[in-house]
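> curious how this folds, go ahead:
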Amino acid sequence: MRTSIALGLLILSVAAACCAGCKQNHAPQDDEPTSPLTAMNEEIRQGRWDQAWRLSDAVLTDHRDDHQVLAKLARVAFESDHPNESADLLMAACRAEAFKNETRIQQAVVAAIFVGRLFDAIDFLTAAVTAQPEQLQTRRLIFDLLMGMENRTLAEPHGRYLVLNRRFDVELLTSLCNTGRNPPEPDSLAKIVARNPNDKRPLIPQAMIAMDQGLYADAIMKLEEILDAHPESVQSQILLGEAIVEAGKYDSLDSWAARLQGAYKEEVGYWQTVGDWASHQNDHCGAARCYWEATQRDSYVLDAWTGLRTALNQLQNCDANVTSETLESIDRCIERLKRLRQARHRFVRSRSISRATAVEIALILSELGRLWEAEAWLTVALTLPEDPSTDVTAARDAVVSKMSKQTPWQVQQGHPELQIDLSHLALPAVAHRN
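Below you'll find the model as predicted:
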């Protein structure tokens, strides 16, 4: 799918793009004849890049907030074989002009990835879309990079924004409704680590692949290596907890929980891991609370709903105050999410061209209360090869008739499962370790 493929292609083609991105010509400045900038411009004109770079500190001192000069310095840095400094200077140029130039933002991202600074690029893009939220091309780039790294928590809000602003395609929609793992090829990310050995975070997908293969000891070892260098990596922290549970090493969860930091409580995986621990301890009230917390973070995650349903079935000593109607709505949600996963899989296997399956996905999304996403799928379905057995226009009209400008991303009316409140249930002991 696009997010994994895009990440690999970006990494493999980044050198050429970086060269092109740094060789932007800018209007000459009105300088004093003896100024460092004038001297550097002359060295550039003569093609003496190393000599031009020797003047960079003096030029930077005089023009630290001039985006054109900073971009020119980035070119000098690249041509004189200082690619790290080139990336820094391009990012500084973007900040100096308040992230208004989308082309330069993309050049800066390419320059950062060229030297293996993928996560610096992601942080930079986060700052860019915060400053310029309507830059949809920039937002799409961060969405693809985050989805490529399997970070759904951070990627999903960008995907939602793009859909609501009508900047979507089949690749984005396919990624957005995928809650399973689809890590990129490890070779492409290994190239990034080779360029920047100090940053181990691009190795996260290797740990995911090991977990998917049942090699939990290998995954734990890889994640521990990443966390030794980057203890702040929330994604690595959460995956380590999942690997510990999958390996059955529940005795290690206390020490794992004590090390957590950052916004880990916003992660579905955290609540699922603690819920699994509570289930193992036969603390069904605590498990129900945790799985409910997981569904509050992302209502698309099938395992969170199945865990919640199982825990609710086993409740005896706590009052969850869940009606039979609500239990039935949870069952319907689970059934719909299963159908969504199967339909998405069939759509991908059709090389993402099956109009009938796209409509099927849209109708399931509509049943789940995701009307904006359903409408987007039906809009895309109209561009796919025609299928006489599928009336896309009628399906889209039916969905649109339920919508208005005030329709929320997730409709709650008619979905009792989304209105459960289990916040009164006690958290399991391990949730208090941090």
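> quick check: which ranges of this structure have low pLDDT?
For the chain, the stretches flagged by pLDDT under 70 are 1-33, 317, 433-434.
> can you pull the domain assignment for it?
What automatic domain parsing lists as the domains of the chain is 11-134, 336-416.
> in a markdown table: these, plus distance to residue 269.
Where C-beta positions appear, they are placed from N, C-alpha and C, glycine not excepted. Formatted as a markdown table, the domains of the chain follow (distance: least, C-beta to C-beta, whole Å):
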| stretch | distance to residue 269 |
| --- | --- |
| domain 11-134 | 19 |
| domain 336-416 | 17 |
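> of those, which is nearest residue 213?
Of all those, domain 336-416 sits nearest to residue 213, with 19.4 Å by C-beta to C-beta.
> now the end-to-end length of that closest one.
End-to-end distance for domain 336-416, by C-alpha to C-alpha, to the nearest Å: 15 Å.
> again, but for stretch 226-243
14 Å.
> residue contacts, the closest residue to residue 418 other than its chain neighbours?
Nearest residue to residue 418, sequence neighbours excluded (C-beta to C-beta, 6 or more residues apart in numbering): residue 412, at 4.9 Å. By C-beta atoms under 8 Å, 6 or more residues apart in numbering, residue 412 lies in contact with 369, 418-419.
> same question, residue 293
By C-beta under 8 Å, 6+ apart, the contact set of residue 293 is residue 271.
> then residue 85?
56, 74, 77.
> scan those residues and report the most crowded one.
Compared across the contacts of residue 85, residue 74 has the highest neighbour count, 30 neighbours, by other C-beta atoms under 10 Å.
> skipping its backbone neighbours, what lies nearest it in space?
Counting by C-beta to C-beta, 6+ apart, residue 74 lies nearest to residue 89, which is 3.8 Å off, once chain neighbours are set aside.
> what strand or helix carries the one you found?
Assigned by DSSP states H and E, residue 89 belongs to helix 83-96.
> run the chain-centre distance for that helix.
Counting by C-alpha atoms, centre = their mean, to the nearest Å, helix 83-96 is centred 23 Å from the centre of its parent chain.
> which element follows it toward the C-terminus?
Immediately after helix 83-96, counting by DSSP H and E, sits helix 102-114.
> got the buried residues for the next helix or strand after that next one?
Counting by DSSP H and E, the next helix or strand C-terminal to helix 102-114 is helix 118-131. The neighbour-count check on helix 118-131 (16 or more other C-beta atoms under 10 Å) flags 118-122, 124-125, 128-129 as buried.
> longest helix anywhere in this structure?
Taking DSSP state H as the criterion, the chain has its longest helix at helix 324-349.
> what is the helix or strand following that one packed up against?
Once helix 324-349 ends, the next helix or strand along the chain (criterion: DSSP H and E) is helix 355-367. Packing partners of helix 355-367 (3 or more C-beta pairs under 8 Å, 6 or more residues apart in numbering; DSSP states H and E): helix 324-349, helix 371-381, helix 392-400.
> which parts of the stretch 151-300 of the chain are strands?
Read by DSSP state E, counting those that start in this stretch, the stretch 151-300 of the chain holds no strands at all.
> so where do the helices sit in it?
Using DSSP state H, counting those that start in this stretch, the helices of the stretch 151-300 of the chain run over 152-164, 170-176, 186-195, 204-212, 216-229, 234-246, 253-258, 268-280, 284-297.
> just want the angle from the last one to helix 324-349.
Spelled out, that is helix 284-297. Orientation of helix 284-297 against helix 324-349 (axes from the mean of the first three to the mean of the last three C-alpha atoms, to 10 degrees) gives an angle of 50 degrees.
> from residue 170, how far off is the nearest residue to residue 272 once chain neighbours are set aside?
The spatially closest residue to residue 272, leaving aside those adjacent along the chain, is residue 294, at 5.2 Å (C-beta to C-beta, 6+ apart). Here residue 294 is placed at a distance of 28 Å from residue 170 (C-beta to C-beta, to the nearest Å).
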